[in-house]
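*Asks:* give me a 3D structure for the following:
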Amino acid sequence: MQLIRNLLSFYVCLLQTANSEHTLRAQRLQTQQSYDKTKVGHTQPTLRQWFSQGTFHVAVAPMLSAQLLLSSMLDTLESQGVAGRFISSLSGSSTGGLVASLWATRQTKFATEYVKTFGKSRVGCSTNCSTNTLLYIGLLDLPTASLGARSVECSPFVNLAGLGVPFVTPPLPKESLLLWANYLLQMELLGVPQQFEDLKMPIALAAFNIRKGNHGTTILMSQGNLHIANLAGNSPAHIAKGVVVGRFGAQSAQLKAGDGYPADPFGVLGYDTLVLDQSNYNSVSQRIVNLVPVDSKEQSKGEMNWTTLKRHDLVTQTLSIFLSFDNLFLYTLASKSADVHLPHMKNRNYVWAIQKSLEEALDQKINLLGRSDHIRSYKILISLLPFLNLGAEERDISKAIGRSLADRGGGYYSAVVENIFSIKADDSSGLLQNKQLLTMKRCLARISDSPQRTL
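*Replies:* Residues are numbered from 1 along each chain as shown. Model (predicted):
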């Protein structure tokens, strides 16, 4: 246990300078909601009853390496009959945008067997399993937040990725290629089409164009090249260079964008660009579900400020579902624990916990926060900790990490958004044909033929 304590001390220090997605939403002033706390005379519905009232837009907030877990939330809702045809559109930032993309892909002819099982806690296969099924079983058996032990064969920077300081340190050499190649491989395996227009369901992704330091512009994309939009939206400035997403101005200058999290931490802003598009106006619901993974319960105190939407006048109801990990240490350091042969959490442990916790929450009443303007806002907090098989000391460590995160302040990875505008994403720089990038992707694909899948 001394080794675990040493790892804990190291990790608490590391959190001060790394891990861009895990940041405190509760103290971000620009996303705080001034809700009317007075009682409103309406019946308090259960989560299942709220879903059954009609269609809804899904906004997916990000969490580091949590594509599988966020997809599991949507898959569970669909298996319980409360999602599926009820989802009218999606938006997201960073990994939340990728989840929106893969979920919309499920509804198209491009959907692979892999994307159809992605997010499930188990797959029905005993003999003669397909390659995709075996790959997914291998993914479930990987430690959480793992790039795969063999990824170092493709880049020596695997173990250093993400150790920079947001908006301060530049990415390491070829660190960008490693990140982009990994996401391209994910989209290929999941069958995500290259163009937004190939999706049947409207979606919008957010990215951030840096002007100076942490000041810049939120870029919203719902048309054009979907792969470029995802690469940009998942490229933190300290891990990857900005991705050219198009051109603007009289001089047709290249517009570069990066990780969408600091520009849109709740993954909601894409709703505006969807409803402002006349072709989507009648298909996008006036109810919004916000899926928000958080590091600790304390962070669930900060909800989206719905009145910051340009077209908040079209929104009638919102529902924020906060999924609290309460165990960030176990989640992010699982691969390190596995390397030294310590007990660790696997992806299947978390997917199962999400499935069971959400199934149980469906019949619980949700909290009516009150009204902001004309919008009726609801909220529910779901904790994963009771559904994970942890020892007493592991639970104590998880809670301690949660408290340290809640106390570290909101300035670590926040941005000053000076403007917001929408563009049609375009690979004007030819990044998707870059030879070095394609070579890196082939390397990751080669080592991923085994269960050590990089997803």
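*Asks:* so A111 makes contact with W103?
*Replies:* No - assessed by C-beta atoms under 8 Å, A111 is found out of contact with W103, at 10.2 Å. Just so you know, the C-beta spots here come from the backbone N, C-alpha and C atoms, and that holds for glycine as well.
*Asks:* between those two, who's got more neighbours?
*Replies:* The neighbour comparison of A111 against W103 (other C-beta atoms under 10 Å) goes to W103, with 27 against 17.
*Asks:* then that one would be within a helix, right?
*Replies:* Yes - under DSSP: H, G, I helix; E, B strand; the rest coil, W103 sits within a helix.
*Asks:* could you report the pLDDT at it?
*Replies:* pLDDT for W103: 96.
*Asks:* look up the closest residue to it, ignoring the ones flanking it.
*Replies:* Leaving aside its chain neighbours, W103 sits nearest to L74 (5.4 Å; criterion: C-beta to C-beta, 6 or more residues apart in numbering).
*Asks:* and the helix or strand hosting the one you found, what does it pack onto?
*Replies:* Taking DSSP states H and E as the criterion, L74 maps to helix 67-79. Counting contacts by 3 or more C-beta pairs under 8 Å, 6 or more residues apart in numbering; DSSP states H and E, helix 67-79 packs against helix 95-105, strand 287-294, strand 317-324, helix 347-361.
*Asks:* secondary structure element holding N209?
*Replies:* strand 203-212.
*Asks:* the following helix or strand past that strand: which residues count as buried?
*Replies:* Downstream of strand 203-212, the next assigned helix or strand under DSSP H and E is strand 215-224. Neighbour counts using 16 or more other C-beta atoms under 10 Å place G216, T217, T218, I219, L220, M221, S222, Q223, G224 of strand 215-224 among the buried residues.
*Asks:* can you pull out the helices in the chain?
*Replies:* With DSSP state H as the criterion, the chain has helices at 2-14, 47-51, 67-79, 95-105, 113-117, 131-140, 175-190, 226-233, 270-275, 328-332, 334-339, 347-361, 392-407, 435-447.
*Asks:* out of those, nearest to K241?
*Replies:* The closest of the helices of the chain to K241 is helix 175-190. By C-beta to C-beta, the value is 4.8 Å.
*Asks:* now could you export just the CA positions of that closest one as CSV?
*Replies:* Extracted in CSV, the C-alpha atoms of helix 175-190 (Å, rounded to 0.1, in the frame of the first residue of the first chain):
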residue,chain,number,x,y,z
GLU,A,175,2.9,14.7,-30.1
SER,A,176,0.3,16.2,-32.4
LEU,A,177,0.7,13.4,-34.9
LEU,A,178,0.2,10.8,-32.2
LEU,A,179,-3.0,12.4,-31.0
TRP,A,180,-4.5,13.0,-34.5
ALA,A,181,-3.6,9.5,-35.7
ASN,A,182,-5.3,8.0,-32.7
TYR,A,183,-8.5,9.9,-33.3
LEU,A,184,-8.4,9.2,-37.0
LEU,A,185,-8.1,5.5,-36.2
GLN,A,186,-11.0,5.7,-33.8
MET,A,187,-13.2,7.4,-36.4
GLU,A,188,-12.2,4.8,-39.0
LEU,A,189,-13.0,1.9,-36.7
LEU,A,190,-16.3,3.4,-35.7
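*Asks:* give me the angle between that helix and helix 226-233.
*Replies:* 140 degrees (axes from the mean of the first three to the mean of the last three C-alpha atoms, to 10 degrees).
*Asks:* out of the helices and strands packed on helix 67-79, which is the most enclosed?
*Replies:* helix 95-105 (a mean of 29; mean count of other C-beta atoms under 10 Å).
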